[in-house]
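K.L.:
My questions concern the predicted model and sequence given below.
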Amino acid sequence: MQDITNLPFMRVLCRRSVPDWFVTEYFRVHPASKLNRQLLRAITENTTGRPVFAQLIGRDLPSLLRSAAELAAYPIAGIDLNLGCPAPIVCRKDAGGGLLRHPDALHRMLGALREAIPGRFTVKTRLGFAERSEFPRLLEIFRHHAIDGLTIHARTVQAGYQGPVHPACVREAVSALACPVIANGNIVDTQTGLAYHRQTAAAGLMIGRGAIRNPWIFAQLQAAFEDREHPIPSSRCLLEYIHDLYAEIAREAPRFEPLRHVQRMKRTLGFISHGLTPDFEAHLRRCNTPEEFWSICHEHLENDAPLPPCPPAASKLFSGFEALAGEVRSPRI
Ligand SMILES: Cc1cc2nc3c(=O)[nH]c(=O)nc-3n(C[C@H](O)[C@H](O)[C@H](O)COP(=O)(O)O)c2cc1C
């Protein structure tokens, strides 16, 4: 995820739970682009022991081919093409999710990339640009080019991050494609993860915002899949996580500027503090200095209360997650 799931985040996450693999933030690709040195460090300085896929976003085929060839010199698990970013500035340029509006061009692009990439070539997609009815045509294109993996954020581009995801479409992809299909979107806890997996038979799950909010989620899910208990982290564990993030992100900053650093932390904390206590979120929003930041974090988190397993119902930030677990959701796990 842009500006969040970078090298410091990967390090901090893996001290709490470890996913099977990572995907970098996207490398922006255009005729004048060079591989972003900061993003490359998530590949060259990755000490997590887990493979990293390099993600590209762009629409200019010669530039995408050049970037894929340049990345081949680095220890990547494969190249992933972003067909899901809904940002208007990206879609207007027919990159990311915007490419889904042009299936014929996408067909040609995937053909050329597949032919040129000797290693793994995977795709991250949405269900369509405007309508889910676009999905069968997209699946046909993905199947034709024998991609090595497909991750599906099971909403349309226009749906952004709002509303429920559509597991039935992921299941359709699992049936139609020979490659592993990964289900993504709205996994916030073990119940939503297990339910998404059960409803799709996907080969794996990808977790974004849910892992920022709860960095123990990969271990919790692994335990749930093996029918084991996993200890419930406390507020104090969350406080340690925030301290760890603060220090790692500061360590990476070219020049440490305390006020700017607090603003940077507030962006990530938006996913973490959401729904914990109403005051925590509101107080954080107003703080400016490191002293204020830490005073608020300690005031709200220096206790041993167990963390709530999922965000609040009807959350705007994690919109529609309740629909995944449906009627099987129990009040607490
Ligand atoms: C701030 C932000 C940045 C994101 N950046 C990327 C990105 O660089 N590449 C990508 O494939 N998806 C990106 N995404 C989308 C997520 O990877 C994921 O598909 C989406 O948030 C739904 O999954 P989740 O509910 O597990 O977060 C981003 C999402 C957000 C909110």
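P.N.:
Good, I have the coordinates. Numbers count the residues shown, from 1 in each chain.
K.L.:
What parts of the chain come near the ligand?
P.N.:
1-2, 4, 25-26, 55, 82, 84, 124, 153, 161, 184-187, 207-210 (Cβ under 6 Å from any ligand atom). Backbone N, C-alpha and C define where each C-beta goes, glycine included.
K.L.:
Kindly recompute the last result at 5 Å.
P.N.:
1-2, 25-26, 82, 124, 153, 184-186, 207-209 (Cβ under 5 Å from any ligand atom).
K.L.:
Of those residues, keep whichever come out buried.
P.N.:
25-26, 82, 124, 153, 184-186, 207-209 (16 or more other Cβ atoms under 10 Å).
K.L.:
Quick check: the residue of the chain nearest the ligand.
P.N.:
Taking Cβ to the nearest ligand atom, the ligand has its nearest neighbour within the chain at G208, 2.9 Å off.
K.L.:
Setting aside sequence neighbours, what's the nearest residue to that residue?
P.N.:
M1 (5.3 Å; Cβ to Cβ, 6 or more residues apart in numbering).
K.L.:
one step back: please flag which of the residues of the chain next to the ligand sit within helices.
P.N.:
R209 (DSSP state H).
K.L.:
Any chance of the residues of the chain next to the ligand in TSV with pLDDT as columns?
P.N.:
Formatted as TSV, the residues of the chain next to the ligand follow (pLDDT from 0 to 100):
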residue	pLDDT
M1	92
Q2	92
E25	97
Y26	98
N82	98
K124	98
H153	98
N184	98
G185	98
N186	97
I207	98
G208	98
R209	97
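K.L.:
just checking, R155 touches R126?
P.N.:
Yes - here R155 reaches R126: they are 6.0 Å apart, a contact under Cβ atoms under 8 Å.
K.L.:
Work out the gap between stretch 255-267 and the centre of the chain.
P.N.:
In terms of Cα atoms, centre = their mean, to the nearest Å, the centre of stretch 255-267 is set 22 Å apart from its chain centre.
K.L.:
burial of E226, as a residue count?
P.N.:
E226 is flanked by 8 other residues according to other Cβ atoms under 10 Å.
K.L.:
Over to I242?
P.N.:
So I242, with other Cβ under 10 Å, has 20 neighbours.
K.L.:
just H166 next, same as before
P.N.:
21.
K.L.:
repeat for F280
P.N.:
For F280, using other Cβ under 10 Å, the count is 20.
K.L.:
What is the burial count for the residue nearest to it when sequence neighbours are not counted?
P.N.:
Counting by Cβ to Cβ, 6+ apart, H300 is the residue found nearest to F280 once chain neighbours are left out, at 4.3 Å. Other residues within reach of H300, judged by other Cβ under 10 Å, total 19.
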